[in-house]
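K.L.:
when you get a sec, could you give me coordinates for this:
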Amino acid sequence: MSTRTPEPDDESLLAATARGDVEAFHQLYLRYAGRVLACARHLCRDEALAEDITQEVFTAVWTRAETFRPDRGSAPAWLFTLTRHKLVDHWRRTGKGARMETLDDLRHPSQPPEDGDLRLSLRKALDHTSPEQREAIHMAYFHGLTYEETAARLALPLGTLKSRIRLGLRAMREVMSQAPECRLPTAVL
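P.N.:
Modelled structure (predicted):
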C-alpha cells in the first residue's frame, strides 16, 4: 500500500523557490505557465508577445519569489499581476499604444468568452464604491496605469491612492461575496 505525498501548496512552492529550489520552481511553472500564457494572450492579443511575457514572468518568479506576500493575495493573483505589469512595462518601452482591456472587455482567461454576468457583476460591485474609489480603480486596473501614474494624474499622495483602491476593492469583494453565482477570480479582485 503506497501513500502518496500531497502536492505542496503554491505558497510553499514560492517560498522554496525563493530559497533557490529548482524543483519547486519547476512545479510552479508546470502548474501555472499555461494560465499565465492564456492571461497574457488575452490581454495583448499577440501570441509571440504573450510567450515572451510568460518567459519574463517566470524569470521574475525565479529571481523575485521572496517578494510574494501571502497576506496580500494568492499566488495566482500575484502571477497575474506580474503578467499585467510585464505587459505594461513592454508597452511603455516600445511605445506601442497599449490596449488594456476595458471594463466591457474584461474577463479572466478561465471564463467563457461571452460572460455578461461577469461584466454586470463588476459594474454592480463598482457601483458600491465611492466615485473617487471607482475612478482610481478604473485608472489602475482598466487603463493600465501604475499606482504612481494614477496618483500623479489624480494629484494624490501615493499612500492615499493605495488606501482608496484597497477600500474600493474591499467593498467590491463584499458585494461579490454576497452573489456566489457571480464570483470573480482572485486575480481580478
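
K.L.:
by contact count, what packs against the helix or strand hosting M176?
P.N.:
Following DSSP states H and E, one finds M176 within helix 158-177. Using 3 or more C-beta pairs under 8 Å, 6 or more residues apart in numbering; DSSP states H and E, the elements in contact with helix 158-177 are helix 116-127, helix 131-137, helix 147-154. Backbone N, C-alpha and C define where each C-beta goes, glycine included.

K.L.:
winner for burial among those helices?
P.N.:
Greatest average neighbour count among those goes to helix 131-137 (a mean of 18), per mean count of other C-beta atoms under 10 Å.

K.L.:
so in the protein, where's the weakest helix or strand by average pLDDT?
P.N.:
Using mean pLDDT, DSSP states H and E, the weakest-scoring helix or strand in the chain turns out to be helix 116-127, at a mean of 69.

K.L.:
with respect to L13, which of the helices and strands packed on helix 158-177 lies nearest?
P.N.:
The closest approach between L13 and any of the helices and strands packed on helix 158-177, judged by C-beta to C-beta, belongs to helix 147-154 at 27.3 Å.

K.L.:
pLDDT of the closest one, averaged?
P.N.:
Averaging pLDDT along helix 147-154 yields 85.

K.L.:
how big is the angle separating that helix from helix 158-177?
P.N.:
100 degrees (axes from the mean of the first three to the mean of the last three C-alpha atoms, to 10 degrees).

K.L.:
wait, A50 sits on R35?
P.N.:
No: counting by C-beta atoms under 8 Å, A50 stays clear of R35, with 11.8 Å between them.

K.L.:
would CSV of the helices and strands packed on helix 158-177 with distance to E66 be doable?
P.N.:
As requested, those are exported to CSV (distance: least, C-beta to C-beta, whole Å):
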stretch, distance to E66
helix 116-127, 33
helix 131-137, 28
helix 147-154, 21
